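# Sharing a model that was predicted from the sequence below.
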Amino acid sequence: MNEPAPETVLVREVGPRDGFQSLAGVLPTAAKARAISCLAAAGCSHVQAASFVHPEKVPQMADAAELFALLPKDSETVFSALALNPHGMERAMASGVGLVEASVSASDAHGRKNAGMELSDALKSMKRMAALAQKGGVVLWAGLQCAFGYQRAGDVSPAQVGKIASTLLDAGAEVLVLADTSGLGTPDAVEAVLETVCVSWPVDRLLLHLHDSRGQAMANLDRGLALGIRRFDASLGGLGGCPFLPGAPGNLPTQAVVRALGSRGIATGIDAEAVERCFEELVPLLKKMETG
């Protein structure tokens, strides 16, 4: 059943994490901090600033602790991080991060590439991360990668996603992030997955992370919106993608999402033009990386 259009929607800015990690070169820490501060000033109320992962696997994120030390302490923006294992959670907590997304993959094959763990081990790891977060007073969000498939449509079933989602709720996560890591999602697939997930999760505690590698992301956002989703991820300039899944780049551009929602009378609190300026400030650095 379609829900009435909301007055407001949360657009979480993930460019500094998901976007920057896909770049060929490593941005200076100070440049990352300036970009994040710029996004906060543009009205982004939640910015995923970095991930605490192995620096050799994702060199772009090696400076995560240093970066968080540079972020404004008096900002009303939530600066969060991503972690894939208990060690990453401990590093994030030691850096003063108050909200951490602990992520697992619905696909064993992808999980082995991305985090070196199959699902059963990843769920055990998730429980340990949840215990650490609870003990340290950190808000835990759970990310579920490849929620709409890994290598082809149908290789991760909605029933499987629903089962994993229930386990993540039991672990104590506050929000579940359903990620279309491979960009295989379609509006009908979004509806099928939400139907199973919402057996255990309230729809107002779900977030969609959509990749646009097949041009379906905005249509998927529309279907999620119609079904009651009120939280979405986007990345300035559309930067991003999974570094362990070649050929699946492309987050929804924050500017485009904000404008599309605004045209329907849905507020985000974000100034699309200001986000555009934040991206334009990065363009010279991005071009320098491309040319070497």
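Right, received. Where do you want to start?
# Lowest mean pLDDT among the helices and strands, pick that one out for the protein.
Every helix and strand in the chain was compared by mean pLDDT, DSSP states H and E; the lowest is helix 108-115, with a mean of 70.
# Ser51 belongs to a strand?
Yes - counting by DSSP: H, G, I helix; E, B strand; the rest coil, Ser51 is part of a strand.
# can you tell me how far the closest residue in space to it that isn't next to it in sequence sits from Met289?
The shortest distance from Ser51 to any non-neighbouring residue, by C-beta to C-beta, 6 or more residues apart in numbering, is to Leu82 (4.0 Å). For glycine as for every other residue, the C-beta is placed from the backbone atoms N, C-alpha and C. When distance is defined by C-beta to C-beta, to the nearest Å, Leu82 is 22 Å away from Met289.
# With neighbour numbers in mind, choose between those two.
Leu82 (26 against 13; other C-beta atoms under 10 Å).
# who's in contact with the helix or strand that one falls within?
Element membership for Leu82, per DSSP states H and E: strand 78-83. Residues outside strand 78-83 that contact it (C-beta atoms under 8 Å, 6 or more residues apart in numbering): 17, 36, 45-53, 64, 68, 71, 88-89, 91-92, 95, 97-103, 129, 141, 143.
# tell me how far the ends of stretch 264-281 are from each other?
One end of stretch 264-281 sits 29 Å from the other (C-alpha to C-alpha, to the nearest Å).
# That one: which residues count as buried?
Along stretch 264-281, the positions that meet the burial threshold by neighbour count (16 or more other C-beta atoms under 10 Å) are Ile266, Thr268, Ile270, Asp271, Ala272, Ala274, Val275, Glu276, Cys278, Phe279.
# And stretch 39-55, by the same measure?
For stretch 39-55, the neighbour count (16+ other C-beta under 10 Å) marks 39-40, 42-54 as buried.
# for Arg264, what are its contacts?
Here Arg264 is in contact with Ala5 (C-beta under 8 Å, 6+ apart).
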